[in-house]
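dropping a prediction and its sequence here:
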Amino acid sequence: MMNSQDPFQQLYHDLGRDNVSYERLAQCYSKEIEFTDPFHHVQGLDALTHYFTQMYTNVRAIDFEFIHSLSQGELNIQRWTMSFRHPAIAAGKEVTVEGCSELVWRDGKIIRHTDFFDAGSMLYEHLPVFGWAIRKLKERMQ
């Protein structure tokens, strides 16, 4: 359930390929942001803006559903489900990925953002050759 008072949730609710900008990201992120996900590690708001611009360029649709949020001091954990459509992934069909973001806030801005999610279920399982192999491997492990 999205909390409209949460600036992080509001940013990701509103963010799309047509509105990624330094100014928009600066509403939540510090200039010294350290961002890590299973694919990249970037430092600084300029680098984060560049990464997000590239990432969102071909996304046809994206939505975050926030499940819950836990906070203690400067630390905030956000659990979410992301649904997106990208022409090069799953033949453009919707892909859903569960994950969580670990955020460290200081002076009202996020200084560290680490995303945790299964990169295989997001990307690799939907690529023609890799997808088949990964799905078979998962079946054998269950």
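Perfect, I can see it now. These figures come from a predicted structure and were not determined experimentally.

helices and strands of the chain: which one bottoms out on pLDDT?
Lowest on mean pLDDT, DSSP states H and E among the helices and strands of the chain sits helix 128-141, with a mean of 62.

which residues sit in contact with the most centrally placed residue in the chain?
What sits nearest the mean C-alpha location of the chain, by CA atoms, centre = their mean, is Asp115, with 6.5 Å. Asp115 sits next to Thr36, Asp37, Pro38, Gly99, Cys100, Ser101, Glu102 when contact means CB atoms under 8 Å, 6 or more residues apart in numbering. (Each C-beta comes from the backbone N, C-alpha and C, glycine too.)

against Leu15, how distant is Asp79?
Actually, residue 79 is Arg rather than Asp. Separation of Arg79 from Leu15 (CB to CB, to the nearest Å): 18 Å.

that older thread, part of a strand, is the residue nearest to the centre of the chain?
Yes. Remark: Asp115 belongs to a strand, assigned using DSSP: H, G, I helix; E, B strand; the rest coil.

all strands for the protein, in order.
29-36, 41-43, 61-72, 75-85, 95-106, 109-117 (DSSP state E).

contacts for the shortest one next, please.
Strand 41-43 is contacted from outside by Glu32, Ile33, Glu34, Phe35, Thr36, Leu48, His50, Tyr51, using CB under 8 Å, 6+ apart.

as JSON lines, these with neighbour count and distance to Arg140 would be great.
Shown next, in JSON lines, are the contacts of strand 41-43 (neighbours: other CB atoms under 10 Å; distance: CB to CB, whole Å):
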{"residue": "Glu32", "neighbour count": "12", "distance to Arg140": "44"}
{"residue": "Ile33", "neighbour count": "23", "distance to Arg140": "40"}
{"residue": "Glu34", "neighbour count": "18", "distance to Arg140": "37"}
{"residue": "Phe35", "neighbour count": "22", "distance to Arg140": "34"}
{"residue": "Thr36", "neighbour count": "15", "distance to Arg140": "30"}
{"residue": "Leu48", "neighbour count": "24", "distance to Arg140": "38"}
{"residue": "His50", "neighbour count": "14", "distance to Arg140": "39"}
{"residue": "Tyr51", "neighbour count": "17", "distance to Arg140": "35"}
